[in-house]
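A.B. asks: Sharing a sequence plus its predicted fold:
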Amino acid sequence: MKRILPFAVLAIIAVAIAVATVIETVSGTDAAKALVYHSWWFIGMWGLLTVSGAVLVFSRKLWRSIMVFLLHASFVVILAGALTTHITSKNGFVHLREGEASCVFWTKNNAGAANGNAVTFDDIAQSYNGNQLPFFICLDSFRVERDAETGAHADYVSYVQLSKGQHKEKVVISMNKIGRMNGYRIYQTSYDDDERGSIFTINYDPWGTATTYAGYMLLGLSMIGCSLWRKRSSKTERKAAEASSSKSTTVFMALVGTLLASYMVIAIALQPLMPVLRSPMLFVHVGTIVIAYILLVVSMVRRQVLKTAVFFLTAGIFLGAIWANISWGTYWSWDPKESWALITLIVYSIPLHSNSLPWFRSDKHYRIYSVFALLCLLMTYFGVNYFLGGMHSYA
């Protein structure tokens, strides 16, 4: 039972996340957070996963393989960082017209929440709480930069002055370029229709972000270590692997995966890039995800590449989290695309644990499961854009 429990909990979490993405589409982000993402039972499920996973790791003496142990430990660190962020972080916004200054930022209260429309003074009075900043932020000027060839928006740039006592600092804040002071981070979020005012996101999360990033670093190092450390497979295992997949089928699946992945690249290339996408992180993040998707398709017939595919998908997701933290002020926002990428990671990582789950030792069972896994991948790749939307729907 102790071997199955962590994976059963993981499956329940994946289903809950999938349901939450539908709730968000039907009833809004705040409903999804209240009913699932920020609920006591969902947080409890992650806690149960951590405890049951730790019991399994120690019962199987995985510390004997230091890299495998560190790989699993990194997820505990990441979850600890996420919990710290949930408990201690502060997030809000500041709206300034040119020439205005403020030392107050606004956060949502339980009486109401932002609905994606312009925030009015009535909204602020009923749905938001004022919070004191340890410094003043003054908007000197704002401008929209446009692409010389297409005229499309290339960037949103605010020239601000941050001051605390006698200390004054002029800062340029734009998409993918944030301002910092006293542990607070300031992000360009939106602007007024007349282009004479800016809306900034304010984020304060020094401990949660630091802990989570430490987990990312540990994860990256342990994945590299696991990739370099290889066990010698027995002759029987090699023969079984060779018998279970032909070269022609593998090439066909690789071509299918490449065609599916090319859809993302072509879609990006044919459109003027939004300001948030004008970052070197675009090609690093998307490129890693594309490689992962190709390998995941190939893994249907060549099981040997599954671990590599999962590692690439994990790296792509957390590179995206770092980029999101740079651009949006939070490394994880439960956007539907993020959520389904996590579901796909969960689904494909389960067969890697065949030592604890004997059912997956059968090639027949693995093939059956891989069809279901492919459906999750297709939902992440295509379905989210067409049915769920979110911040990753850039069309």
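C.D. replies: That came through, no problem. Quick caveat, the model's predicted, so the values are computed rather than measured.
A.B. asks: SS state for the nearest residue to residue 163 once chain neighbours are set aside?
C.D. replies: Among residues not flanking residue 163 along the chain, residue 136 sits closest, at 4.9 Å (Cβ to Cβ, 6 or more residues apart in numbering). In this view, the C-beta of every residue, glycine as well, is placed from N, C-alpha and C. Three-state call for residue 136 (DSSP: H, G, I helix; E, B strand; the rest coil): strand.
A.B. asks: how close does residue 136 sit to residue 181?
C.D. replies: For residue 136, the distance to residue 181 (Cβ to Cβ, to the nearest Å) stands at 10 Å.
A.B. asks: hey, what's in contact with both of the two?
C.D. replies: Residues within reach of residue 136 and of residue 181 at once, by Cβ atoms under 8 Å, 6 or more residues apart in numbering, are 162, 164.
A.B. asks: where does the stretch 151-300 of the chain dip in pLDDT?
C.D. replies: 151-153, 229-248, 250-281 (pLDDT under 70).
A.B. asks: what about the strands in it?
C.D. replies: Remark: strands assigned in the stretch 151-300 of the chain by DSSP state E, counting those that start in this stretch are 153-164, 167-174, 179-181, 184-191, 197-204.
A.B. asks: Disregarding residues adjacent in the polypeptide, which is nearest to residue 184?
C.D. replies: Once flanking residues are discounted, residue 184 sits nearest to residue 204: 5.0 Å by Cβ to Cβ, 6+ apart.
A.B. asks: just residue 284 next, same as before
C.D. replies: Nearest-residue entry for residue 284: residue 319, 5.9 Å, with adjacent residues in sequence omitted and distances by Cβ to Cβ, 6+ apart.
A.B. asks: now the strands of the stretch 151-300 of the chain in a markdown table, with distance to residue 129?
C.D. replies: Putting these into a markdown table (distance: least, Cβ to Cβ, whole Å) gives the following:
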| stretch | distance to residue 129 |
| --- | --- |
| strand 153-164 | 22 |
| strand 167-174 | 24 |
| strand 179-181 | 21 |
| strand 184-191 | 16 |
| strand 197-204 | 13 |
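A.B. asks: what's the closest of these to residue 286?
C.D. replies: Nearest to residue 286, of all these, is strand 153-164, at 19.1 Å by Cβ to Cβ.
A.B. asks: Give the pairing partners of the closest one; include direction for each.
C.D. replies: Strand 153-164 has its sheet partners listed here by DSSP bridges as strand 128-146 (antiparallel), strand 167-174 (antiparallel).
A.B. asks: How about it, which residues are buried there?
C.D. replies: The neighbour-count check on strand 153-164 (16 or more other Cβ atoms under 10 Å) flags 153-160, 162-163 as buried.
A.B. asks: Repeat that for stretch 203-212.
C.D. replies: So, applying 16+ other Cβ under 10 Å, buried residues of stretch 203-212: 203-205, 208-209, 211-212.
A.B. asks: ditto for stretch 9-28
C.D. replies: Residues of stretch 9-28 classed as buried: 9-10, 13-14, 16-18, 20-21, 23-25 (neighbour count, 16+ other Cβ under 10 Å).
A.B. asks: List the neighbours of it that are in contact with it.
C.D. replies: With Cβ under 8 Å, 6+ apart, stretch 9-28 has contacts from 31-32, 35-37, 42, 45-46, 48-49, 52, 115, 334, 336, 339-340, 342-343, 346-347, 350, 384, 387-390.
A.B. asks: on that earlier part again, columns mean neighbour count on top of the strands paired with strand 153-164, output as JSON lines?
C.D. replies: As requested, the strands paired with strand 153-164 are exported to JSON lines (neighbours: other Cβ atoms under 10 Å):
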{"stretch": "strand 128-146", "mean neighbour count": "16"}
{"stretch": "strand 167-174", "mean neighbour count": "14"}
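A.B. asks: Distance to residue 288 added to those, as a markdown table?
C.D. replies: As requested, those are arranged in a markdown table below (distance: least, Cβ to Cβ, whole Å):
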| stretch | distance to residue 288 |
| --- | --- |
| strand 128-146 | 28 |
| strand 167-174 | 25 |
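A.B. asks: so which of the ones you listed comes closest to residue 77?
C.D. replies: Closest approach to residue 77 among the strands paired with strand 153-164 is made by strand 128-146 (28.7 Å; Cβ to Cβ).
A.B. asks: now that closest one against strand 184-191, angle please.
C.D. replies: Per axes from the mean of the first three to the mean of the last three Cα atoms, to 10 degrees, the angle that strand 128-146 makes with strand 184-191 is 60 degrees.
A.B. asks: does residue 333 count as helix, strand or coil?
C.D. replies: coil.
A.B. asks: May I have the predicted confidence score for it?
C.D. replies: Looking at residue 333, its pLDDT stands at 82.
A.B. asks: shouldn't it be in contact with residue 324?
C.D. replies: Yes - contact status for residue 333 versus residue 324: in contact at 6.8 Å, counting by Cβ atoms under 8 Å.
A.B. asks: With neighbour numbers in mind, choose between those two.
C.D. replies: residue 324 (21 against 17; other Cβ atoms under 10 Å).
A.B. asks: returning to that earlier point: turn the buried residues of stretch 203-212 into TSV, columns for distance to residue 291.
C.D. replies: Below are the buried residues of stretch 203-212 laid out as TSV (distance: Cβ to Cβ, whole Å):
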residue	distance to residue 291
203	31
204	35
205	31
208	30
209	27
211	28
212	24
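A.B. asks: Helices - which of the residues you listed land there?
C.D. replies: 208-209, 211-212 (DSSP state H).
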